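**Q** here is the input, now give the coordinates:
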Amino acid sequence: MRRRLIQSTLAVVLVVIAVFGVSLVIVETRTISNSAQERVDSEALRLASIVDSRILGDEHINAEILKNQVAEGRYAVIRIPGQAPVELGLQPSGDVIHSTAKGEEGETVTVQEPRSAVTREVGRTLLIIAAVALLAIVAAVLLAVRQANRLASPLTDLAETAERLGSGDPRPRHKRYGVPELDRVADVLDGSAERIARMLTAERRLAADASHQLRTPLTALSMRLEEITLTDDPDNVKEEATIALTQVERLTDVVERLLTNARDPRTGSAVTFDLDEVIKQQLEEWRPAYRSAGRAIVSSGKRHLQAVGTPGAVAQVLAALIENSLMHGGGTVALRTRVTGNQAVVEVTDEGPGVPTDLGARIFERTISGRNSTGIGLAVARDLAEADGGRLEMLQAQPPVFGLFLSRTPLKRPPLVDEDEERTVR
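**A** Numbers count the residues shown, from 1 in each chain. Predicted structure coming up:
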């Protein structure tokens, strides 16, 4: 492309120089010739006038008197009736420019100038025109190279950007070139790069969330299957298999939510559900893991609370908090339910050292972890809670207390026991 731009620019310049240069040469040649002829005519008239004045003054006309009246390089012949011709200068050979003038006293003056002088002047003019044309060509080459680089280099950059996008590097370059059309292409490529980057980020985030969210139900399911393999009691096997099927259903729900991304309460996924059922399910799932670790998990607080949300999402949030306490906490883990205003609150706490002071509220940021873990569990849990119109907060750092706040509806059935009754499940 650079070569084509340079060649096209040079072709235009050469055509312009050829058209205007030839015209200028013709005009200048004629102008120089006419100027030389006018000089010779003027010289002949001037000598005729001088001769007339001297004849009228009864002066003798000879070459000595008039030798300084003729310019160098010219030849003049003065013919006066009754006298011999008077010659001034050297008679040129070859082609000449001449002019003859007649005086009032009957004399004639002929002035000649060699045409070679005109030829030399024309040659000098041609050299000047050729030098100007050469400078114009050099300037055109430089301008063509600059313009070609200005147009070709951005295209090369844009091609490299497109190639980078195709190879999976979606970083926008935000580079502009001062050419509206090229800048428009760069805008489109940068916009595409940003969209691809967002899509890749979403895919990586989905993969990370999926690996984290599927790990917990798969771990719980594997524990249940181990319980089944270790027991010969049919009733116990049936009970464990029922719980395992429930966990499989929850695992299926997690997969569907990850694939459809149906986490907006406005889509109709949020329903009124019994919070006790979700808590009971989590206790049953996690009791074997805590029993293996020599720890206990208990539940207390108000019973028969109704909450608005997605049961599967609430279960995932509680599972993330319980798993976090199992991995990083210590002692007994307690799930407490209470009511504040029009919200149902589930608090998860343990007797461990709590959240390090340097982490603080950053504990909900992705990749932030107090130990060697993924650092995305609490971030995913907060996203799930907010998607159902609730919120997840750290109420206390030491000992750690996390609170899940959910909207609730008025109770549709009277409580079987007093609202302030506390229950403990081990």
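**Q** what about the stretch 51-200 of the chain, any weak spots by pLDDT?
**A** The model of the stretch 51-200 of the chain has pLDDT under 70 over residues 200.
**Q** all strands for it, in order.
**A** 75-79, 86-88, 96-102, 108-114 (DSSP state E, counting those that start in this stretch).
**Q** over to the stretch 251-400 of the chain?
**A** Taking DSSP E, counting those that start in this stretch, the strands of the stretch 251-400 of the chain run over residues 271-274, 297-301, 306-309, 333-340, 343-349, 391-396.
**Q** how about the nearest residue to the residue positioned nearest the centre of the chain, chain neighbours excluded?
**A** Geometric centre of the chain, nearest residue: residue 174, 2.6 Å, by Cα atoms, centre = their mean. Nearest non-adjacent residue to residue 174, counting by Cβ to Cβ, 6 or more residues apart in numbering: residue 190, 6.1 Å away. C-beta: built from backbone N, CA, C; applies to glycine.
**Q** got the phi/psi numbers for the residue nearest to residue 55 when sequence neighbours are not counted?
**A** Once flanking residues are discounted, residue 55 sits nearest to residue 105: 4.6 Å by Cβ to Cβ, 6+ apart. Note on residue 105: its backbone torsions stand at phi -100, psi 10 [degrees, to the nearest 10].
**Q** need the contact list for residue 6.
**A** Under the criterion of Cβ atoms under 8 Å, 6 or more residues apart in numbering, the neighbours of residue 6 are 141, 144-145, 148.
**Q** for residue 59, that is, sorry about that
**A** By Cβ under 8 Å, 6+ apart, the residues touching residue 59 are residue 65.
**Q** could you do residue 402 as well?
**A** Residue 402 makes contact with 321, 347-349, 392-395, according to Cβ under 8 Å, 6+ apart.
**Q** repeat that for 10 Å
**A** Neighbouring residues of residue 402 by Cβ atoms under 10 Å, 6 or more residues apart in numbering: 317-318, 320-321, 324-325, 346-350, 355, 363-364, 378, 381-382, 392-396.
**Q** same thing with residue 154?
**A** Here residue 154 is in contact with 175-179, 181-183, 185-186 (Cβ under 10 Å, 6+ apart).
**Q** dump these to JSON lines, plus distance to residue 12 and neighbour count.
**A** What follows is the contacts of residue 154, written out as JSON lines (distance: Cβ to Cβ, whole Å; neighbours: other Cβ atoms under 10 Å):
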{"residue": "175", "distance to residue 12": "30", "neighbour count": "13"}
{"residue": "176", "distance to residue 12": "28", "neighbour count": "14"}
{"residue": "177", "distance to residue 12": "23", "neighbour count": "17"}
{"residue": "178", "distance to residue 12": "23", "neighbour count": "8"}
{"residue": "179", "distance to residue 12": "20", "neighbour count": "14"}
{"residue": "181", "distance to residue 12": "21", "neighbour count": "10"}
{"residue": "182", "distance to residue 12": "22", "neighbour count": "18"}
{"residue": "183", "distance to residue 12": "26", "neighbour count": "14"}
{"residue": "185", "distance to residue 12": "26", "neighbour count": "16"}
{"residue": "186", "distance to residue 12": "29", "neighbour count": "21"}
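**Q** quick check: the two most widely separated of these?
**A** Taking Cβ to Cβ, the two most distant members of these are 175 and 181; they sit 14.9 Å apart.
**Q** all helices of the stretch 51-200 of the chain, in order?
**A** In the stretch 51-200 of the chain, the segments counted as helices under DSSP state H, counting those that start in this stretch are 63-66, 115-166, 180-230.
**Q** rebuild those helices as CSV, extending it with distance to residue 334.
**A** Listed next are those as CSV, based on distance: least, Cβ to Cβ, whole Å:
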stretch, distance to residue 334
helix 63-66, 137
helix 115-166, 52
helix 180-230, 19
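**Q** hmm, back to that, so how far is residue 76 from the residue nearest to residue 55?
**A** The gap separating residue 105 from residue 76 is 17 Å, by Cβ to Cβ, to the nearest Å.
**Q** then residue 192?
**A** The gap separating residue 192 from residue 76 is 87 Å, by Cβ to Cβ.
**Q** residue 176 now?
**A** The value you get for residue 176 to residue 76, if Cβ to Cβ is used, is 74 Å.
**Q** and what of residue 113?
**A** Per Cβ to Cβ, residue 113 is found 10 Å from residue 76.
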